[in-house]
Structure formats: structure tokens, C-alpha cells
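>>> Need coordinates for the below:
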Amino acid sequence: MTLGLLALTRPLPEAMALMLVPTLATNVWQSLVGPALAPALRRLWPFLVAAVIGTLAGAGILARSDAVLLSGLLGLLLIASAALALAGRPMPTPTREQERWLSPLVGGTAGLLTGMTGSFLMPAAPYLAALKLPPQHFVQGFGLGALLATLALAIGMAGGGLLPPDLGLASLVGVAPAFLGMAVGTRVRRAMPDARFRTVIQAALGLVGLWLAFRAFG
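Residues are numbered from 1 along each chain as shown. This is a model prediction of the structure:
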């Protein structure tokens with residue numbers, strides 16, 4: 001959501017750079033602390049390795065592409081994520097045999113899109129949900145993917161000249177607002193039913209995506 005809002009007012013590469021440190025900070029605890037770290041790594045390592053490789057490739061594309069068109073792609077990803085969540089229709093659960101080739105395929109695709117748009121949501125989140133992982137495994141697995149993809153994105157953007165020192169410092173300053181936003185979001189979530197909260201968030205996500213897509217392709 002925050003990346004989409006930033007992309008409404010700033011070029012996408014700049015918005016992505018500003019979100020690097022806050023994203024890393026908010027995912028470190030979620031991904032590394034907890035009992036599910038080792039099981040998540042054993043189950044999801046092909047997904048995670050492919051996500052890193054895909055992100056580095058996507059960051060290379062980012063450095064050579066039209067930022068407006070890529071912000072439109074981000075918009076389409078946000079729309080797809082919101083539509084899936086609001087429809088309430090999860091992806092079919094793959095068999096373990098299908099998972100062997102789907103995990104690196106989905107991880108690589110999610111990484112590629114992360115490198116191009118800064119968003120790790122699609123198709124990573126619905127795929128991991130389809131695996132029917134235990135809740136803590138899902139939380140740490142997705143957090144690991146987001147953490148590793150963000151690290152790879154930072155490396156790729158720095159290598160492509162898209163991470164000047166002033167943006168790096170601005171991203172560092174954004175850590176405190178990121179945690180403040182998480183705290184406010186937690187209070188709002190507790191103040192309303194979970195279903196309504198999810199609907200409001202997903203609807204807002206979809207609206208931001210619609211505007212980004214319309215601005216780029218309309």
C-alpha cells in the first residue's frame with residue numbers, strides 16, 4: 001500500500017528506493033524470529049533462491065525501462081491482489097510433486113516483478129497461501145521472501161545507479177514512520193471486525209492500483 005501511494009507522487013524507482021530500509025526493518029523480525037524459521041527454509045528454499053535471482057534480473061530491467069509503464073505494472077499487480085482477496089477464492093493447493101517445480105517458477109516470477117515494481121505480493125502471497133502452510137510457517141516464509149527479495153533489490157538498484165546516497169538516507173529516516181504506521185494499523189484493525197478491516201484495506205489497495213494503471217495506460 002505505502003509503495004503504491006508513494007508511486008502516485010514520485011517516480012517508481014525513487015519510491016522503491018525510499019521503501020527499502022522500512023521494508024527490511026519490518027520484515028527482519030517477522031521472518032527471522034520464531035519457531036518456524038528452519039521448517040520454512042527446508043520447505044521453501046527453492047522458492048526463496050528463485051526469488052533472489054528473479055529480483056536481481058528484474059532490477060536490471062528497472063534500470064533500463066520507462067518508470068511510468070512500470071508504475072502501471074505495479075498498479076495491475078495491486079488490482080490483481082485486491083481482486084483475489086476480495087473474491088475470496090484461493091488458488092488450488094498444489095500436490096507435493098507440483099510444488100517441486102511450481103515453487104521456483106512462482107518464486108522467480110515474484111522476484112522478477114519485485115525487481116521491476118518493488119512489490120513482492122503477487123504471485124507470492126496467494127501461492128504460499130495455497131500451500132496451506134501452518135500460520136507461523138506462512139508468516140515467516142512470506143517474511144523471508146520479502147526480506148531476501150528486498151536485499152536483492154537494494155543490491156540490484158545500487159548496481160544500476162538507482163540508489164544515490166540521499167535516497168538511502170531518506171529511506172533510513174522512513175523506518176520510524178513505517179513502525180508508527182504499523183502501530184496505527186494494528187489499533188484500527190482491533191477497532192473493527194477482521195473481515196471489514198481486510199475489505200477496507202483491499203479496496204483501498206485496488207483503488208490505488210486502478211489510478212496507477214490508468215495513469216500509465218489510460
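>>> Report the secondary structure state of the residue of the chain positioned farthest from its centre.
Distance from the centre of the chain peaks at E97, with 26.3 Å (C-alpha atoms, centre = their mean). Taken by DSSP: H, G, I helix; E, B strand; the rest coil, the conformation at E97 corresponds to helix.
>>> what pLDDT does it get?
If you check E97, the pLDDT there is 96.
>>> so what's it up against?
E97 makes contact with no residue, according to C-beta atoms under 8 Å, 6 or more residues apart in numbering. Bear in mind the C-beta positions are built from the backbone N, C-alpha and C, glycine included.
>>> likewise P39?
H137.
>>> residues of the one helix or strand it maps to that come out buried?
Here P39 sits within helix 37-64, counting by DSSP states H and E. Buried residues in helix 37-64, counted by 16 or more other C-beta atoms under 10 Å: 37, 40, 43-44, 46-60, 62.
>>> immediately after it, which helix or strand?
helix 67-87.
>>> where are the low-confidence patches of the protein?
1, 168-194, 197 (pLDDT under 70).
>>> what ranges do the helices span in it?
2-9, 12-32, 37-64, 67-87, 96-117, 124-130, 135-159, 165-173, 175-191, 194-217 (DSSP state H).
>>> Next one: the residue farthest from the centre of the chain from L151, what distance?
Distance from E97 to L151, counting by C-beta to C-beta, to the nearest Å: 31 Å.
>>> before we move on, what about R100?
25 Å.
>>> the more surrounded of the two?
L151 (16 against 11; other C-beta atoms under 10 Å).
>>> dump the residue contacts of the closest residue to that one other than its chain neighbours.
With C-beta to C-beta, 6 or more residues apart in numbering as the criterion, L151 has its nearest non-adjacent residue at 7.0 Å, and that residue is L24. Listed by C-beta under 8 Å, 6+ apart, the contact partners of L24 are 147, 150-151, 154.
>>> likewise F214?
G75.
>>> Surely G141 and Y127 touch.
No - using C-beta atoms under 8 Å, G141 is not in contact with Y127, being 10.3 Å away.
>>> Quick check: neighbours shared by those two?
F47.
>>> and the two? which has more neighbours close in?
G141 (25 against 22).
>>> Kindly export stretch 66-84 (C-alpha atoms) in CSV.
Provided in CSV are the C-alpha atoms of stretch 66-84 (Å, rounded to 0.1, in the frame of the first residue of the first chain):
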residue,chain,number,x,y,z
ASP,A,66,10.1,3.5,-18.6
ALA,A,67,9.3,4.2,-14.9
VAL,A,68,5.7,5.3,-15.8
LEU,A,69,5.0,2.0,-17.6
LEU,A,70,6.4,0.0,-14.6
SER,A,71,4.3,2.0,-12.2
GLY,A,72,1.3,0.9,-14.4
LEU,A,73,2.5,-2.7,-14.0
LEU,A,74,2.6,-2.1,-10.2
GLY,A,75,-1.0,-0.9,-10.5
LEU,A,76,-2.1,-4.0,-12.3
LEU,A,77,-0.4,-6.2,-9.6
LEU,A,78,-2.2,-4.2,-6.8
ILE,A,79,-5.5,-4.6,-8.7
ALA,A,80,-5.0,-8.4,-9.1
SER,A,81,-4.0,-8.8,-5.4
ALA,A,82,-7.1,-6.9,-4.2
ALA,A,83,-9.4,-8.7,-6.6
LEU,A,84,-8.2,-12.1,-5.4
